[in-house]
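Chemist: Any chance you could fold what I've pasted below:
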Amino acid sequence: MIAKRKTALLLAVSALGLSGTVAGAQDAQTQAELDALRARVEALEAGKPGAGTGDLRIGNTTLDVYGYVKADFFFDTDFELGDLADATRIGEPANATSGSFGATVRQSRIGLRTNTPSAIGDISGQLEVDLFASGGNAEFRLRHANIRIGDNWLIGQYWTNFQPLDSYPTTVEFNGPVGIPFARVPQVRYTNTIGSDTTFAVSIEENVGGSNSDDPVLTGSIEYNSGTYLARASALYGKAQSGAVEVDQTGYTLSAGVRPWQGGLFQVNYVDGEALGPYLIAAGDAIVNGQANDVDGFTVEFRQDLSAKWNVGIAYGQENYDLPTSTGTLSFTEVETIHVNAFYKATDNLTLSAEFFYGERNDAPTGRTFDSNRIQLAAQLNF
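Modeler: As a prediction, the model looks like this:
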């Protein structure tokens, strides 16, 4: 129906244009009708099916609008964990509860991708925001803003090259398990391939918040991914600062994954380094009492497709610090999480999900441990 209307309108526009040429000039009424018809054609073009898959064009640039709307509902048993299921909130008296219900739509996001052919290769852009503003507010927050030149160069904000993105565990809640790097930073990255399955990348990046350093960060990574087997390693070097104290910030990650049978997935990630806390989910202090805070962490995930619509998984994560990070009245050196979840693909665009979360952290000075559980349900509509 839309296609027929658009064709008719285009024919009408053409006819008006032709009649104006024959007459030698258009009167004001004809020009107004022509402008109105053109506006209606443009509106149909913008709203047509497939406009979000790169079919919308401005000159020789294609545009793709993407994103999703997500609604989360959760119940915390012992400590209120916030919209992010923050395990470092566990144990704090201010967060204690006998049961607390919450809901959020702040994970919803929208993005725009562009692609323009050029003499130096395709030039593409990405701009993506979500609603996770600070202070618990549902306001736009920048996630990605970058330019890509050909297959090799990325300039702008994107996931840090230090992060093992392809083996990041899948969870319903926003953070994912502790024990893995997670950061989006402005950067200049060069990527290339070795053969058909191996990719390497090097980058110069801005340091993450919490490191408090104005020095750049250098990273390198190499990844083999055949679709069945995955192996990745990355390294990072930078500086962290606290007051007048500056220390080296170094670390590495090792990741591996395998699809052992149809629909199955098993993957692990390990991270180790000094002053790396700001890069990790628990965000431990980089420097404590003038010393670099060494940390190691890991994640393990197993997933299985039960059918074309159902898949289930379990993920475990842990972080261990040499020196304690204060969270208010308590401080931690150890934190761990477990996620058990199920996803149901109701339609091509709509996914329903459920998750059980368990988190545990210690209080370093006293040696006590605290834990809490969360039940979470969510609905996500992709577009």
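
Chemist: Sketch out the strands for the stretch 51-200 of the chain, chain order is fine.
Modeler: 56-58, 61-76, 100-104, 109-116, 123-132, 138-149, 153-159, 184-194, 198-205 (DSSP state E, counting those that start in this stretch).

Chemist: Nearest to Thr171, out of these?
Modeler: Evaluated with C-beta to C-beta, the strands of the stretch 51-200 of the chain place strand 61-76 nearest to Thr171, the distance being 11.3 Å. Using the backbone N, CA and C atoms, a C-beta is placed for each residue, glycine as well.

Chemist: Could you list the low-pLDDT ranges of the chain?
Modeler: For the chain, residues meeting the criterion pLDDT under 70 lie at 1-55.

Chemist: According to the record, where do the domains of it fall?
Modeler: 1-49, 66-382 (automatic domain parsing).

Chemist: Quick one: the ones you listed as CSV, columns for distance to Ile58 too.
Modeler: Compiled in CSV, those are given as follows (distance: least, C-beta to C-beta, whole Å):
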stretch, distance to Ile58
domain 1-49, 10
domain 66-382, 9
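
Chemist: So which of the ones you listed is the most surrounded?
Modeler: domain 66-382 (a mean of 18; mean count of other C-beta atoms under 10 Å).

Chemist: now that one, how far from the centre of its chain.
Modeler: Mean-position distance between domain 66-382 and its chain equals 8 Å (C-alpha atoms, centre = their mean, to the nearest Å).

Chemist: Could you pull up the residues touching Thr329?
Modeler: Glu92, Pro93, Ala94 (C-beta atoms under 8 Å, 6 or more residues apart in numbering).

Chemist: which of those lies closest to Gly136?
Modeler: Ala94 (14.6 Å).

Chemist: ok so, going back, closest one of the contacts of Thr329 to Ala145?
Modeler: Ala145 lies nearest to Glu92 out of the contacts of Thr329, by C-beta to C-beta, at 34.4 Å.

Chemist: Correct me if wrong: the closest one contacts Phe332.
Modeler: No. Between Glu92 and Phe332 there is no contact under C-beta atoms under 8 Å: 10.2 Å.

Chemist: Quick check: Gly179 vs Phe162, distance?
Modeler: 14 Å (C-beta to C-beta, to the nearest Å).

Chemist: Could you single out the nearest of the contacts of Thr329 to Gly220?
Modeler: Glu92 (38.0 Å).

Chemist: For the closest residue to the closest one other than its chain neighbours, identify the helix or strand it belongs to.
Modeler: If the residues on either side of it in the chain are set aside, Glu92 comes closest to Gly328, at 5.1 Å by C-beta to C-beta, 6 or more residues apart in numbering. Counting by DSSP states H and E, no helix or strand carries Gly328.

Chemist: Over to Gly328: give its phi and psi.
Modeler: phi 130, psi -110 (degrees, to the nearest 10).

Chemist: do the one 4 residues further on as well
Modeler: Phi and psi for Phe332, reported as degrees, to the nearest 10, are phi -130, psi 150.

Chemist: Now do the contacts for it.
Modeler: Per C-beta under 8 Å, 6+ apart, neighbours of Phe332: Thr88, Gly91, Ala282, Gly284, Tyr321, Pro324, Thr325, Arg361, Asn362, Asp363, Ala364.

Chemist: Please tell me how far the first one sits from Gly273.
Modeler: What it means is Thr88. 19 Å.

Chemist: cool, Gly220 as well?
Modeler: According to C-beta to C-beta, Gly220 and Gly273 sit 14 Å apart.

Chemist: do the same with Glu173
Modeler: Applying C-beta to C-beta to Glu173 and Gly273 gives a distance of 26 Å.

Chemist: Next: Thr62.
Modeler: Relative to Gly273, Thr62 is positioned 41 Å away (C-beta to C-beta).

Chemist: Kindly report the same for Asp151.
Modeler: As defined by C-beta to C-beta, Asp151 lies at a distance of 30 Å from Gly273.

Chemist: Ok, Leu381 next?
Modeler: Taking C-beta to C-beta, one finds Leu381 at 39 Å from Gly273.

Chemist: Please apply the same query to Arg361.
Modeler: For Arg361 relative to Gly273 (C-beta to C-beta), the value is 20 Å.

Chemist: And for Gln163?
Modeler: Applying C-beta to C-beta to Gln163 and Gly273 gives a distance of 13 Å.

Chemist: Ok, Phe73 next?
Modeler: From Phe73 to Gly273 the distance is 37 Å (C-beta to C-beta).

Chemist: One more: Asn161?
Modeler: Asn161 sits at a distance of 15 Å from Gly273 (criterion: C-beta to C-beta).
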